[in-house]
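coords please:
(2 chains)
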Amino acid sequence: MTSPASQSDSASVKLHRALYMREAITDAAATFADFASFAVRPEGDHFVVDVSGIDREVEGDVVAEFCNFALANTAVRRKTRHA
Amino acid sequence: MTHSQIETLDAGTSTLTLSLDTGLYPRDVLYAAAYVFLDRAYVLLDRDGSRFLVHLRGKQALDEPTLRAMAGEFENELLAQALRQRLVRANQRILEDITGLAITGAAGGSMQEETAMIDLQDSADDGFLDDPQGIATPWEAKKGALEE
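Numbering: from 1, shown residues only, chains lettered A, B, ... in the order given. Purely as a prediction, here's the structure:
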């Protein structure tokens, strides 16, 4: 697993396909589109998210917050589907 | 290997990794527990064979005892969420019946006619309309009659 912690202008995150929904990841990417660019691609058991052009002026960790959003979106979507 | 355990813990980066048995904790329980921690930690889920890996990084700097406490809280939350989901499943039918009754009542459904205690078509069964003591007569009407 690649750590979501990032100090440079780019980072790469691997999100397991059994645990994260693609739509949830793209929704999170849209949410953070003003702060970085996101490219999602499947690779083995994971979705690899290449994050570039990270805005370092933003307070907090953009990549880690993005991961939290992707997780929250997945949890909410799964709950909505099962309801 | 135990059902859940701390795989790594680094107070320098305020991070810890928990390893959980996938057979013991369903995914929905894992999501629900992780959701609770999103406001105070960065959470990343992963899977390694038959183990879920939960990577937690505090949004604030955390020392080792606090990280260990966070791991314990996460495990407690897993148990709480597992119990909660089990109760919801066990009571699903009751919840649906109560909700159905509430919606039917609010919508003014046909239940009212079926359970009506007074037959409005039968003049002999007018219930409250029969007022031999004049209880239903308005006060103004009574007072007016006295003054006249």
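
burial check on residue A:60, number of neighbours?
10 (other CB atoms under 10 Å in any protein chain shown). Any C-beta I mention is one placed from the backbone N, CA and C, and that applies to glycine too.

pull the longest helix from chain B.
helix B:64-90 (DSSP state H).

cool, and chain A?
helix A:62-82.

on that earlier part again, show me what counts as buried in the longest helix of chain B.
B:67, B:70-71, B:74-75, B:77-78, B:81-82 (16 or more other CB atoms under 10 Å in any protein chain shown).

near chain A, anything from that helix?
No: counting by CB under 8 Å from any CB of the partner chain, chain A is not contacted by helix B:64-90; separation bottoms out at 10.3 Å.

what of stretch B:47-62?
Yes: counting by CB under 8 Å from any CB, chain A is contacted by stretch B:47-62 at B:47, B:52-53, B:55, B:57, B:59.

double-check that residue B:13 belongs to a strand.
No: applying DSSP: H, G, I helix; E, B strand; the rest coil, one finds residue B:13 to be coil, outside a strand.

counting neighbours, what do you get for it?
14.

for chain A, what lies in contact range of chain B?
A:1, A:3-5, A:13-16, A:18-20, A:45, A:60-61, A:64-65, A:67-68, A:71-72, A:74-75, A:78-79, A:82.

now these: which count as buried?
Using 16+ other CB under 10 Å, the buried members of the residues of chain A next to chain B are A:1, A:3-4, A:13-16, A:19-20, A:61, A:64-65, A:67-68, A:71-72, A:74-75, A:78.

got any ranges where chain A has weak pLDDT?
A:1-7, A:83 (pLDDT under 70).

let's see 90
A:1-9, A:55-60, A:78-83 (pLDDT under 90).

contact residues of chain B facing chain A?
Residues of chain B lying near chain A (CB under 8 Å from any CB): B:13, B:27-28, B:30-32, B:34-35, B:38, B:42-47, B:52-53, B:55, B:57, B:59.

quick one: contacts for residue 77?
Defaulting to chain A. Residue A:77 is in contact with A:21, A:23-24, counting by CB atoms under 8 Å, 6 or more residues apart in numbering or on different chains.

sorry, should have said chain B
B:32-33, B:36-37.

can we see that at 10 Å?
B:29, B:32-37 (CB atoms under 10 Å, 6 or more residues apart in numbering or on different chains).

what are the boundaries of the helices in chain A?
Using DSSP H, helices in chain A cover A:22-31, A:62-82.

how far off centre is the longest one?
Using CA atoms, centre = their mean, to the nearest Å, the mean C-alpha position of helix A:62-82 is found 9 Å from that of the whole chain.
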